[in-house]
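Q: Everything below, folded, please.
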Amino acid sequence: MALYKLEDFDPQYRNSFEGQDIKGLGVYTERTDEKIGTVHDVLVDDEGHFRYLVVDLGFWIFGKKVLLPIGRSRIDYNNDRVYAIGLTREQAENLPEFNERLATDYDYEERVRGVYRRPEYRTPPVEASGNVESPTPLDSTGVATTATATTTPTYTPDTYRYEQEPELFGLNEPDHQTLRLYEERLIANKHRRKVGEVAVGKHVETQTARVAVPVEREHVVIERVTPEDAGRTVSSREADFHEGEVARMEIHEETPEVRKEAFVREEVRVKKVVEQDTVETQDTVRREELDVNAPNLPIEER
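A: Down below sits the predicted model:
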C-alpha cells in the first residue's frame with residue numbers, strides 16, 4: 001500500500017477543488033477549539049483516496065509533523081479549518097513523528113493506527129435526540145466488535161485494507177459537507193512488448209577455388225649431327241670401340257603443392273538503434289457538472 005504526496009500524485013489537484021487548497025488550513029481540536037497546527041500535506045493511496053493529513057505542529061512544537069487519518073478530520077472550508085475529531089493537543093504531541101525523508105511503510109502506519117485505536121483516542125460518543133450513544137466496542141486492532149465476537153481480526157501487510165477501519169479512514173459526509181464532482185481523464189502510459197527477434201549467426205559455405213602454379217619439367221633431347229671432319233680417316237688408337245658404354249643424365253620435374261590457410265575476411269557488428277515516435281490516441285471522457293435546483297431562492301456560488 002504505497003502512499004504519495006498529493007501534488008506528486010496529481011500536480012493539478014487544485015482543479016478538483018475549484019481552486020481551494022487544503023494545504024495551509026489550520027487544524028483545531030473539535031471540543032476545545034484549540035489550534036494544534038496546520039495541514040502541511042496530504043497522503044493518498046494508489047487510487048487517489050485521501051488517507052492521512054500531514055499536520056505540522058510547528059505552531060507550538062517546532063518542526064514536528066504527525067499523521068491524522070482522514071476519517072478523524074472534519075474539513076470546514078467556510079472557516080478555513082480542519083477539526084481533529086477526538087484528538088487533544090496533548091495527544092497530538094505524543095503521536096509518532098512523520099519524517100518526509102523516510103518511507104511510510106506498513107510498520108510505521110501500524111504504529112500510527114495503533115495510537116488512534118486506543119480508547120482515549122477514539123471518536124467521542126455521538127449525541128442523538130438528547131441522548132448520548134455509547135460508541136461501538138472496539139477490539140485491540142480498532143475494529144468494531146460485539147459481545148458475541150469470538151475471534152479477533154489480525155492484519156498483515158498483505159491483508160490490511162483501509163476500508164477495514166472506517167472509523168479512521170471513512171469519510172463522514174455530514175462532517176465534511178462536500179459534494180464530489182468527478183471527471184474522467186485520459187492517463188497516457190506505455191508498455192514494452194516483444195515484436196520480433198533478429199538472429200545473427202554464421203554458416204560455412206564451400207566452393208571450388210582455382211590457383212595457377214607454374215611448374216618445370218625436364219626432358220632429354222638427343223641430337224644427331226654430322227661433325228665437320230666427317231669422312232676423315234682415324235687411327236686404330238683413336239677409334240676406341242667399347243661395347244656397353246652408357247651416358248646418364250638425371251631428369252627432374254616440379255609438381256604443385258597446395259595448402260589452405262584461414263584469415264579474417266571482415267567483421268560484422270550488431271547493434272540496436274532506438275527511434276523516437278509519438279503516437280496519438282483519443283477516447284471519450286465524462287465530466288460531472290453541478291446542477292442546483294433552488295427556484296426563487298438566493299444562492300451564492302463561490
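Q: how about the strands in the chain?
A: Along the chain, counting by DSSP state E, strands occupy 4-5, 26-29, 35-44, 50-56, 65-69, 73-76, 81-84, 127-128, 131-132.
Q: Looking at these, which is nearest to residue 20?
A: With C-beta to C-beta as the criterion, residue 20 lies closest to strand 73-76 of the strands of the chain, at 9.8 Å. C-betas here are computed from N, CA, C, even on glycine.
Q: returning to what we had before: now tabulate the strands of the chain in JSON lines and tack on mean pLDDT and mean neighbour count.
A: Converted to JSON lines, the strands of the chain look like this (pLDDT from 0 to 100; neighbours: other C-beta atoms under 10 Å):
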{"stretch": "strand 4-5", "mean pLDDT": "88", "mean neighbour count": "15"}
{"stretch": "strand 26-29", "mean pLDDT": "92", "mean neighbour count": "20"}
{"stretch": "strand 35-44", "mean pLDDT": "92", "mean neighbour count": "20"}
{"stretch": "strand 50-56", "mean pLDDT": "92", "mean neighbour count": "23"}
{"stretch": "strand 65-69", "mean pLDDT": "93", "mean neighbour count": "23"}
{"stretch": "strand 73-76", "mean pLDDT": "88", "mean neighbour count": "20"}
{"stretch": "strand 81-84", "mean pLDDT": "92", "mean neighbour count": "21"}
{"stretch": "strand 127-128", "mean pLDDT": "42", "mean neighbour count": "8"}
{"stretch": "strand 131-132", "mean pLDDT": "39", "mean neighbour count": "8"}
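Q: Can you say which of those strands is nearest to residue 213?
A: Among those, strand 4-5 comes nearest to residue 213, with 81.3 Å by C-beta to C-beta.
Q: could you say what helices and strands the closest one packs with?
A: The helices and strands touching strand 4-5, judged by 3 or more C-beta pairs under 8 Å, 6 or more residues apart in numbering; DSSP states H and E, are strand 35-44.
Q: Pairing partners for the strand it packs on, with directions?
A: Strand pairing for strand 35-44, using DSSP bridges, gives strand 4-5 (antiparallel), strand 26-29 (antiparallel), strand 50-56 (antiparallel).
Q: Turn those into JSON lines, including distance to residue 121.
A: Below are the strands paired with strand 35-44 laid out as JSON lines (distance: least, C-beta to C-beta, whole Å):
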{"stretch": "strand 4-5", "distance to residue 121": "25"}
{"stretch": "strand 26-29", "distance to residue 121": "12"}
{"stretch": "strand 50-56", "distance to residue 121": "14"}
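Q: what's the closest of the ones you listed to residue 85?
A: strand 26-29 (9.1 Å).
Q: And the contacts of that closest one?
A: Contacts of strand 26-29 with the rest of the structure, by C-beta atoms under 8 Å, 6 or more residues apart in numbering, involve 34-39, 53, 55, 68, 73, 80-84, 87-89.
Q: How about exporting that strand as CSV, limited to the C-alpha atoms?
A: Presented in CSV, the C-alpha positions along strand 26-29 are these (Å, rounded to 0.1, in the frame of the first residue of the first chain):
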residue,chain,number,x,y,z
GLY,A,26,-5.4,25.4,10.5
VAL,A,27,-6.0,22.2,12.5
TYR,A,28,-8.1,22.6,15.6
THR,A,29,-9.4,20.3,18.4
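Q: Centre of the chain to that strand, how far?
A: Centroid displacement of strand 26-29 relative to its chain, using C-alpha atoms, centre = their mean, to the nearest Å, is 38 Å.
Q: cool, stretch 104-115 as well?
A: In this view, stretch 104-115 has its centroid 25 Å away from the chain centroid, taken as C-alpha atoms, centre = their mean.
Q: Now do the same for that stretch: mean pLDDT, whole number.
A: For stretch 104-115, mean pLDDT is 89.
Q: Stretch 220-234 too?
A: Computed over stretch 220-234, the average pLDDT equals 85.
Q: hmm, back to that, quick one, which of the strands of the chain is nearest to residue 184?
A: Each of these was scored for nearness to residue 184 using C-beta to C-beta, and the closest is strand 35-44 (17.9 Å).
Q: Show me what the closest one is in contact with.
A: Strand 35-44 is contacted from outside by 3-7, 9, 22-29, 50-60, 65, 67, 82, 84, 87, 89, 92, 104, using C-beta under 8 Å, 6+ apart.
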